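# Sharing a model prediction with you, sequence too.
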Amino acid sequence: MSRLEGTQRIGDAPRVRRLLVIAAVALSALFLLLPLVAIFAQAFAQGAGVFWTNVTNSYTRSAIGLTLFITVLTIPVNLVFGVMLAWLVTRFRFPGRRILQTLIDIPFAVSPVVAGLVYLLLYGRNGWIGGWLDTHDIQLMFAWPGILMVTIFVTCPFVARELIPLMQAQGSRDEEAAVTLGASGWTLFRRVTLPNIRWALLYGVILTNARAVGEFGAVSVVSGAIRGQTNTLPLHLEQLYQDYNTVGAFASAALLALIALLTLAAKAGLEWRAARQEAST
Amino acid sequence: MSIRLQNIAKTYGPPGRGAARALDPLDLEIREGELIGLLGPSGSGKTTLLRIIAGLEAADHTPAPGRILFGDRDVTHVHVRDRRIGFVFQHYALFRHMTVYDNVAFGLTVMPRRQRPTGGEIRARVHRLLEMVQLEPLANRYPAQLSGGQQQRVSLARALALRPDVLLLDEPFGALDAKVRQELRRWLRHLHDELNFTSVFVTHDQEEALELSDRVVVMSNGRIEQIDTPDSLYRAPANRFVFEFLGDVNHLEGEVRDGTLTCGDARLAVELPDGPEELLLRPHEVKLAEAPTADARLPATVTAISPVGAEVRVELAADWMASPWLATLRHADYERLDLRRGQRLYALPRRWHRFPAEPDTRPTRAREAVS
Amino acid sequence: MITLALRAGSSPRRVLPGFGLSLGVSLLFVSLVLLLPMTGLFGQLADLSLAQYWAIITDGRVVASYTVTMGAAAVAAIVNAAFGLLLAWVLVRYEFPGRRLLDALMDLPFALPTAVAGITLATLYSSNGWMGRLLEPLGLQVAYTWVGIALAMAFTSIPFVVRTVQPVLEDLPVEVDEAALTLGASDGTAFRRVILPHLWPALVTGTGLAFVRSLGEFGAIIFIAGNMPYETEITALMIFVKLQEYDYAGASAIASVVLFVSLALLLAINLWQGRFIKRLHGGMG
């Protein structure tokens, strides 16, 4: 017969609770935290000086530059698309709405290598668009436009996926009220919709950013990986790793891991904010 | 099975300044076979008390440990699953992934193998229960396919399946609409009388408590204000809170001088010492007349008339009233007076009550007014 | 009055502006970015005869890669179902120091680039890595075996399970626990018969998504897999190898299989979930 302590819920016995918490924390530490620690340990294995040399050499710098360039172009494209799509499927009913919503999940289900491949097939020299472009001396594949295109493909669901559930839950009453008060178009969006969705929007952007910076499979298919030209940071670290320059590879990995950590911190911050907002209303 | 609570208190939060007192130490004795209503506004501690009886929450150990006894069995430290209680939740808390049948059978099928009835017995018992709650045809439905009233009956059958000594119900009819609520109320009373278990239910609806209970426990601010039968509760409220909580109240507030209470242009003869005074009247204690009497001159204007069932509710307004009065008349009186909205007439108290400001003192007995 | 009535009548439901614009942009984007590229794949496939297609996708080395990928993904998904359930439970039900940190850590695999995860896991579990040094004397070789593949898959897909189960567990009313307890159920029985069935749809969905993700994963796996033909080659790598050999037709054929399986699984998950939700939230039958 168990003794009665506090409120009763399933699994609240102190023994059970302790066991489960310890198991969860230990497994997470081993499985998730240890790799994170290992990245930085490897990057700094030969001291901070070597780390600094590794991240500032010209190939790394050009990889960082390309990665940032691609990311900066990807975000606004997906931002506009994400907002448009979310507005469309949450504010209007029309035939094909469900299908549209399912379609944007495709990039989540498709293997990045397959994603890269389909772009290569279409826009590569042998593809029907690529062939035509080639005769006009335009090369998309094995150059930065190809990298940009596949990055947009793999990251396009993030903003929409963050916005749709939120905008669905909020409903369109606010906007309808604004319309009756004479607001229209851009004013309506900027003054009524945007304040309600800005945090979800920001979160969508953060996720897009994380994925755009780190995409590997799709980019490796279409990039050609020419050092100093079409190497993004993940591709660069792969090359270093294959060349047995482990410390160099992990220096780039540490940069990417840092971005990942900032992403997690930003997410935790936004969630904390949302929880506080909810508590205050 | 009788229930005895001794020195039960509940504090939430950390001890010290952050602590919130939900229940002041209280004793309560419930006799075997009684149907008890815990009545009070939200935050009065009634649900906390019920949950402590159930074992869903533990009473304070400090400063002085309380005790809970079911009959002679001390259950203070017995886990909820071993207390042999049936509990009915306000929002039914049915298992949505199980059929009606499986919900009702759940308690029987999770018994330790040695005590568990055979499959045939379980089937027979569940069908008997479903028959009793008149839901047998719906045995294979899922909760989402039932109405609120039906779900609550399933929930009741589920709680009764283990033949509990004590049935506890937390606002069992709170989520239902008025008509269904009426029906279920009568039906629960009937079931209680037939099966003769001890029941405690929580409600914030005074009508429900008065109609259903053998005795009502009126609570406010974590304290028991009064325990009594519905009848004596209504006729002899222990204090002002109970009086006000149990029904509509009209207030007459004024200054007594030389045996007359004055308030604006209202006057009433009272046998009370000089000083400020507040009198309270139930709507049925207000008579209406076309002329004042020697003892009472309470002019008022009719602002609304609504015939509800056996009586007519008349709303009155006047400058001397802090808030509008309500009077209930019989239809015959209503027709005799030929009432219309905007009509001016006089209120005549049949009787009134007063509760001097000192808390916990017995009220001056309501007295007949001279008419 | 008349103008008002006319305006209201002309578009009874579309009160809000922007339908045309958002529809146009969305359709253009979906067509150009998502659908048009697929035509490249089918164009390439059209050049193959059925026999050629069949020969490519049933080639021994390719079939071995299906087995490795499916097997490792299945193991990873099952392990993650248990681990994810534990994590979601602990994060939702218990308050303990470091809970918020643990919660934030759950998103690490999504935030961390797969290539980074790949080289890190490969380094950790190689014979002179921190973990490899501990495990190899015990006879457990992780790096360059299918265990390593499963490990990398589990790492990248664990958030799917945690993040689908967590909100459902949070929304489970406390009365469900209490009802089970007042009816005398023990913790174990109550969890198995009451809590788990409520979580089941989310758990299956999350596990299914984790499985689909694992089937397509590339960056995290290739470093730790060893990529031995017939032994530790995953299907995504087979596509990549064909591409490096400029065998576009072969790459497309294998990709079509991967694509079909992923989309079919995604569809199955959606349909299954719909059926379950219908039962729990009303609707007859």
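Here it is on my side, so go on. Just so it is clear, the structure is predicted and the values come from calculations on it, not from any experiment.
# near chain C, which residues of the stretch 1-150 of chain B?
B:54, B:56, B:79-82, B:85-87, B:89, B:91, B:93-98, B:106-107, B:110-111, B:142, B:144-145 (Cβ under 8 Å from any Cβ of the partner chain). For glycine as for every other residue, the C-beta is placed from the backbone atoms N, C-alpha and C.
# go again using 7 Å as the cut-off
Contacts of the stretch 1-150 of chain B with chain C, taken as Cβ under 7 Å from any Cβ of the partner chain, map to B:54, B:56, B:80-81, B:85, B:87, B:89, B:91, B:93, B:95-97, B:106-107, B:110-111, B:142, B:144-145.
# domains in chain A, as residue ranges please.
Split into domains by automatic domain parsing, chain A comes to A:1-43, A:48-280.
# Let me fix that, I meant to ask about chain B.
B:3-244, B:248-368.
# most tightly surrounded among the domains of chain A?
Greatest average neighbour count among those goes to domain A:48-280 (a mean of 19), per mean count of other Cβ atoms under 10 Å in any protein chain shown.
# hang on, the earlier thing: to chain A, which of the domains of chain B lies closest?
domain B:3-244 (4.6 Å; Cβ to the nearest Cβ).
# ok, the closest one near chain A or not?
Yes. Interface with chain A: domain B:3-244 contributes B:55-58, B:77-80, B:82 (Cβ under 7 Å from any Cβ).
# so which residue of the stretch 1-150 of chain C comes closest to chain A?
With Cβ to the nearest Cβ as the measure, residue C:113 is the residue of the stretch 1-150 of chain C nearest to chain A, at 2.6 Å.
# Tell me where the model's unsure across the chain.
Here I'm looking at chain A. The model of chain A has pLDDT under 70 over residues A:1-7, A:281.
# let's do chain C instead
Ranges of chain C meeting pLDDT under 70: C:1-14, C:277-285.
# The same query, at a cut-off of 80, please.
Scanning chain C for pLDDT under 80 picks out C:1-15, C:273-285.
# Helix or strand for the closest residue to chain B within the stretch 1-150 of chain C, just tell me which one.
Nearest to chain B in the stretch 1-150 of chain C, going by Cβ to the nearest Cβ, is residue C:95, at a distance of 13.6 Å. Taking DSSP states H and E as the definition, one finds residue C:95 inside no helix or strand.
# picking that back up, just the buried residues out of the residues of domain B:3-244 next to chain A, in PyMOL syntax.
If you want just the buried ones from the residues of domain B:3-244 next to chain A in PyMOL, going by 16 or more other Cβ atoms under 10 Å in any protein chain shown, the selection is:
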select buried, chain B and resi 55+56+57+58+77+78+79+80
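# one step back: the residue of the stretch 1-150 of chain C closest to chain B and residue B:19: what is the separation?
18 Å (Cβ to Cβ, to the nearest Å).
# closest point of the stretch 151-285 of chain C to chain A, which residue?
Distances between the stretch 151-285 of chain C and chain A by Cβ to the nearest Cβ are smallest at residue C:216, namely 2.8 Å.
# Can you get me a residue count around that residue?
Neighbours of residue C:216 under the rule other Cβ atoms under 10 Å in any protein chain shown: 24.
# got it, and residue C:82?
A total of 12 residues lie near residue C:82 under the criterion other Cβ under 10 Å.
# Can you classify it by secondary structure?
With DSSP: H, G, I helix; E, B strand; the rest coil as the basis, residue C:82 sits in helix.
# Surely residue C:209 touches residue C:160?
Yes. Look at residue C:209 against residue C:160 with Cβ atoms under 7 Å: they come within range, at 4.4 Å.
# Spell out which parts of the stretch 151-300 of chain B neighbour chain C.
Residues of the stretch 151-300 of chain B lying close to chain C by Cβ under 7 Å from any Cβ are B:158, B:162.
# can you pull out the strands in the stretch 151-300 of chain B?
For the stretch 151-300 of chain B, the strands defined by DSSP state E, counting those that start in this stretch cover B:166-170, B:198-203, B:215-220, B:223-228, B:250-257, B:260-263, B:266-269, B:275-281, B:286-289, B:296-297, B:299-308.
# Take those strands and lay them out in TSV including mean pLDDT, distance to residue C:167 and mean neighbour count.
Output for the strands of the stretch 151-300 of chain B, formatted as TSV (pLDDT from 0 to 100; distance: least, Cβ to Cβ, whole Å; neighbours: other Cβ atoms under 10 Å in any protein chain shown):
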stretch	mean pLDDT	distance to residue C:167	mean neighbour count
strand B:166-170	95	26	25
strand B:198-203	95	31	25
strand B:215-220	95	37	23
strand B:223-228	94	40	19
strand B:250-257	90	51	16
strand B:260-263	90	59	18
strand B:266-269	90	61	20
strand B:275-281	90	51	17
strand B:286-289	90	56	18
strand B:296-297	89	65	20
strand B:299-308	90	47	15
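# so which of those strands comes closest to residue C:142?
With Cβ to Cβ as the criterion, residue C:142 lies closest to strand B:166-170 of the strands of the stretch 151-300 of chain B, at 53.4 Å.
# hmm, back to that, ok, the residue of the stretch 1-150 of chain C closest to chain A - contacts?
A:213-214, A:216, A:234, A:256 (Cβ atoms under 7 Å, 6 or more residues apart in numbering or on different chains).
# and if we set it to 8 Å?
The neighbours of residue C:113, taking Cβ atoms under 8 Å, 6 or more residues apart in numbering or on different chains as the test, are A:213-216, A:233-234, A:256, A:260, C:219.
# what's the spacing between residue A:120 and residue A:167?
To residue A:167, residue A:120 is 35 Å away according to Cβ to Cβ.
# residues touching the closest residue in space to residue A:250 that isn't next to it in sequence, list them.
Leaving out its chain neighbours, the residue that sits closest to residue A:250 by Cβ to Cβ, 6 or more residues apart in numbering or on different chains is residue A:42, at 3.7 Å. Contacts for residue A:42 were tallied using Cβ under 8 Å, 6+ apart; they are A:246-247, A:250, A:253, C:120, C:123.
# Check residue A:247 too.
A:42-43, A:45-46, A:50-51, A:54.
# Helix, strand or coil: sort out residue B:120 for me.
In three-state terms, and counting by three-state DSSP, residue B:120 is helix.
# Around it, how many other residues sit close by?
Close neighbours of residue B:120, defined as other Cβ under 10 Å, add up to 8.
# Model confidence at it, what's the number?
For residue B:120, the pLDDT comes out at 94.
# from what I can see residue A:144 touches residue A:67, true?
No. In this structure residue A:144 lies outside contact range of residue A:67 using Cβ atoms under 8 Å: 10.6 Å.
# remind me which residues of the stretch 51-200 of chain B are low pLDDT?
Low-confidence segments of the stretch 51-200 of chain B (pLDDT under 80): B:62-63, B:175.
# Helices of the stretch 1-150 of chain B, start to end?
Under the criterion DSSP state H, counting those that start in this stretch, the stretch 1-150 of chain B carries helices at the ranges B:46-54, B:100-109, B:119-132, B:148-160.
# typo on my end, the stretch 101-250 of chain C
Using DSSP H, counting those that start in this stretch, helices in the stretch 101-250 of chain C cover C:108-111, C:114-125, C:130-135, C:146-171, C:174-182, C:187-190, C:196-216, C:219-225, C:235-244, C:248-280.
# Next, format those as CSV and append distance to residue A:194.
Below are the helices of the stretch 101-250 of chain C laid out as CSV (distance: least, Cβ to Cβ, whole Å):
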stretch, distance to residue A:194
helix C:108-111, 26
helix C:114-125, 33
helix C:130-135, 47
helix C:146-171, 25
helix C:174-182, 36
helix C:187-190, 45
helix C:196-216, 31
helix C:219-225, 35
helix C:235-244, 39
helix C:248-280, 31
